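A.B. asks: A predicted structure for the sequence below; I have some questions about it.
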Amino acid sequence: MVTAPSGGVQWRLQVSPGPRERREAPLVFDAPDGAAAGDYVLVRDGETIPAQVGYGRLLAVFPALAAGVARAYTLRPARLPRTMTVAASTGSVAVAVGDAPFTTLHLEGAPKPYLYPLLAPGGVCVLRGWPVDPQIGDPTDHVHHRGAWIGHGDVNGADTWDEREDRIGRIVAEATAADAGGVAAHIATEVRWVRKDGTAVLRERRLYRFWAVDDAVRLFDVESTYSGVDGAEVRWGDTKEGALCGVRVAHGMEGRNGGRITTAEGAIGEAEAWGSAAGWCDYTGVPAAEATAGRNSPVGVAIFDNPGNPLHPMRWHVRDYGLMAANPFALSHYLPKQGRNGEYTIPAGDSATFRFRVLLHRGGVEEGDVARRYADWAFPPRVKWEQA
């Protein structure tokens, strides 16, 4: 059901794209006051752009915005075709773009929630199958590198990274809701991080946003807000064993098998990229399953760090064996000769929010237009709502 803004107020969105051209840009803005969740359109001189309001934000994919040219759009309720779908079952939520499967969020059956598979355009999985869905040739190291996940080796003494029985903590989902519209699908889940003895040390509100975009890419956002249990202080320990957003790439994509690691700062390969600070990190290669089938075109996965995140620019725990993880806390490991400590504290009664975007693309960094797509998200247009 589509609901107009309260009181019959009409809203106009003023968009100033700034110094860069925007093409097929998925953008997120604060929604206007009173705009209920649902589908809308942004209308301007015969141009109609699908839009969606959810979780207090307005979402739209702008086909083109010329650099330096301001535009005004009127927001109107609409009924849009469901370009995204979600299907919840016991312990999981599946997401599709049209009729094409994208990913599934698994909430049970493992010590922490994880996404698997992640399917790039053409249905190519960019993640290692083992231990979720073992594929021929999959390496079987690091069982805790499960799909795409979040976890850390020391949060107030809880280890939600390792899965050895003598150390294992857990991330437990308590409440989950999912919805889909004409522009994006959402999965919102509240989780608690617990020690091995079951004591909760951290609460996290996690929101996934999966976008309906052009067939050249697939992408989703993940936003996590962390706070202490009962308002207690939260301490993130200085350890390399952690990921605020992490993936284990498919066998064949690894740097040791011809894959390529690249960062926004120009680092190439593990030797340059590991522990370095950059706005994004990309891992590109040819999955073994594709090579075996005679399809040798590379695919890639990039993680974008939002400039508004604490500790931006992100540091990358990225390895030639296929791990790529956003971990800003491990300074004693990354910079051992400098005597630095990466411990990070969220004060009692406070919270911290981290936002990431994950891009799946065909070809390498250049073909996937990774740098431009990062800039569209990291440096969005200036916008202002006005009553029409």
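C.D. replies: Here it is on my side, so go on. Numbers count the residues shown, from 1 in each chain.

A.B. asks: list the buried ones in the longest helix seen in the chain?
C.D. replies: Of all the elements of type helix in the chain, the one with the most residues (DSSP state H) is helix 370-378. Neighbour-count burial for helix 370-378, counted by 16 or more other Cβ atoms under 10 Å, picks out 370, 371, 373, 374, 375, 376, 377, 378. Bear in mind the C-beta positions are built from the backbone N, C-alpha and C, glycine included.

A.B. asks: Residue 73: which of the residues you listed is nearest?
C.D. replies: Nearest to residue 73 among the buried residues of helix 370-378, counting by Cβ to Cβ, is residue 376 at 17.3 Å.

A.B. asks: show me what contacts that closest one?
C.D. replies: 20, 22, 25, 26, 27 (Cβ atoms under 8 Å, 6 or more residues apart in numbering).

A.B. asks: State the number of residues packed around the nearest residue to residue 379 once chain neighbours are set aside.
C.D. replies: Of all residues not flanking residue 379 in the chain, residue 18 sits nearest, at 7.0 Å (Cβ to Cβ, 6 or more residues apart in numbering). The burial count assigned to residue 18 is 16, neighbours taken as other Cβ atoms under 10 Å.

A.B. asks: now the one 4 residues further on
C.D. replies: Residue crowding around residue 22 was assessed by other Cβ under 10 Å; the count is 20.

A.B. asks: just residue 319 next, same as before
C.D. replies: Based on other Cβ under 10 Å, the number of other residues close to residue 319 is 20.

A.B. asks: Against residue 162, how distant is it?
C.D. replies: Counting by Cβ to Cβ, to the nearest Å, the gap from residue 319 to residue 162 is 16 Å.

A.B. asks: How about residue 381?
C.D. replies: Applying Cβ to Cβ to residue 381 and residue 162 gives a distance of 43 Å.

A.B. asks: average pLDDT across the longest helix of the chain?
C.D. replies: Mean per-residue pLDDT for helix 370-378: 97.

A.B. asks: so after that helix, what's the next helix or strand?
C.D. replies: strand 382-387 (DSSP states H and E).

A.B. asks: Which strands and helices lie in contact with that following strand?
C.D. replies: strand 11-16 (3 or more Cβ pairs under 8 Å, 6 or more residues apart in numbering; DSSP states H and E).

A.B. asks: quick one on the thing from earlier: of all the contacts of residue 376, which two lie farthest apart?
C.D. replies: Between all members of these, the farthest pair (by Cβ to Cβ) comes out as 20 and 26, at 15.0 Å.

A.B. asks: The two: which is more packed in?
C.D. replies: residue 26 (23 against 16).

A.B. asks: Torsion angles phi and psi at that one?
C.D. replies: phi -80, psi 120 (degrees, to the nearest 10).

A.B. asks: before we move on, what about residue 230?
C.D. replies: Dihedral angles (degrees, to the nearest 10) for residue 230: phi 60, psi 30.

A.B. asks: What is the burial count for the residue lying closest to residue 312 once chain neighbours are set aside?
C.D. replies: Using Cβ to Cβ, 6+ apart and skipping the chain neighbours, the partner closest in space to residue 312 is residue 305 (5.9 Å). The number of residues packed around residue 305, counting by other Cβ under 10 Å, is 28.

A.B. asks: how near is residue 305 to residue 377?
C.D. replies: Residue 305 is 10 Å from residue 377, where distance means Cβ to Cβ.

A.B. asks: Among residue 381 and residue 162, which residue is more densely surrounded?
C.D. replies: Neighbour count, other Cβ under 10 Å: between residue 381 and residue 162, residue 381 has more, with 20 against 17.

A.B. asks: Hmm, the more buried one is touching residue 27, no?
C.D. replies: Yes: Residue 381 lies in contact with residue 27 (Cβ atoms under 8 Å); the separation is 6.9 Å.

A.B. asks: dump the residue contacts of residue 209.
C.D. replies: 28, 59, 184, 185, 186, 220, 221, 222, 223.

A.B. asks: repeat that for 6 Å
C.D. replies: By Cβ atoms under 6 Å, 6 or more residues apart in numbering, the residues touching residue 209 are 184, 186, 221.

A.B. asks: now do residue 148
C.D. replies: So, once contact is read as Cβ under 6 Å, 6+ apart, residue 148 ends up touching 115, 118, 247.

A.B. asks: can you check residue 320 too?
C.D. replies: 255, 256, 270.

A.B. asks: Looking at it now. What's its pLDDT?
C.D. replies: 98.

A.B. asks: what number of residues lie near residue 339?
C.D. replies: Based on other Cβ under 10 Å, the number of other residues close to residue 339 is 8.

A.B. asks: secondary structure class for the closest residue in space to it that isn't next to it in sequence?
C.D. replies: Among residues not flanking residue 339 along the chain, residue 332 sits closest, at 7.9 Å (Cβ to Cβ, 6+ apart). Three-state assignment for residue 332 (DSSP: H, G, I helix; E, B strand; the rest coil): helix.

A.B. asks: And residue 182, by the same measure?
C.D. replies: Applying three-state DSSP to residue 182 yields a three-state assignment of coil.

A.B. asks: That one: how many residues sit nearby?
C.D. replies: 20.

A.B. asks: Run through the residues that contact the residue nearest to residue 156 when sequence neighbours are not counted.
C.D. replies: Closest residue to residue 156 apart from its sequence neighbours, by Cβ to Cβ, 6+ apart: residue 201 at 3.9 Å. Neighbour list for residue 201: 155, 156, 158, 193 [criterion: Cβ under 6 Å, 6+ apart].

A.B. asks: likewise residue 273?
C.D. replies: By Cβ under 6 Å, 6+ apart, the residues touching residue 273 are 261, 263, 267, 316, 318.

A.B. asks: what's the answer for residue 111, then?
C.D. replies: Taking Cβ under 6 Å, 6+ apart, one finds 163, 168, 170 in contact with residue 111.

A.B. asks: Model confidence at the first one, what's the number?
C.D. replies: At residue 163, the predicted lDDT confidence score is 90.

A.B. asks: swap in the second one?
C.D. replies: Per-residue confidence for residue 168 comes out at a pLDDT of 85.
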